[in-house]
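1. Pasting the sequence and the predicted model now:
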Amino acid sequence: MGQALPPPGEALTRLTEQLGDPLTARLLSDRRGSRAWKIQGPRGAVAVKANSPDEATARDKAAEMAQEDEHLLRLTAAGALRPGYRVDAGPWD
């Protein structure tokens, strides 16, 4: 990925609590209205996925992302995912 697009600031703030400081972010994917980053800190690494609301050509992915989050919650409740797999979800500025 040639562009250095930053992840949502809200995600970095939340993840600093979990992963420690400093955090590094590497853009993994930027396509079809979604972006994904690898966020790494002293205590581990996670993936962050967010829609790209600032792009005029991007589809609005908010409903799809909410559906994806609901599936993660159900999989966790069923015991298929460990509770720490999903850290948080919500809108970003």
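-> Received, thanks. Numbers count the residues shown, from 1 in each chain.
2. Run the chain-centre distance for the strand or helix carrying E17.
-> Using DSSP states H and E, E17 sits in helix 9-19. In terms of C-alpha atoms, centre = their mean, to the nearest Å, the centre of helix 9-19 is set 11 Å apart from its chain centre.
3. now for it, which elements pack on it?
-> strand 34-41, strand 44-51 (3 or more C-beta pairs under 8 Å, 6 or more residues apart in numbering; DSSP states H and E). Any C-beta I mention is one placed from the backbone N, CA and C, and that applies to glycine too.
4. Nearest to L12, out of those strands?
-> Nearest to L12, of all those, is strand 34-41, at 7.2 Å by C-beta to C-beta.
5. Determine the set of other helices and strands touching the closest one.
-> Short answer (3+ C-beta pairs under 8 Å, 6+ apart): strand 34-41 packs on helix 9-19, strand 24-31, strand 44-51.
6. State which helix of the chain is the longest.
-> Counting residues, the longest helix in the chain under DSSP state H turns out to be helix 62-77.
7. Can you give me the buried ones in that one?
-> M65 (16 or more other C-beta atoms under 10 Å).
8. Can we start the residue count at 708 from this point?
-> Got it, the first residue is 708 from now on, which makes the last one we talked about helix 769-784.
9. what inclination does that helix have with respect to strand 751-758?
-> Angle, helix 769-784 to strand 751-758, by axes from the mean of the first three to the mean of the last three C-alpha atoms, to 10 degrees: 140 degrees.
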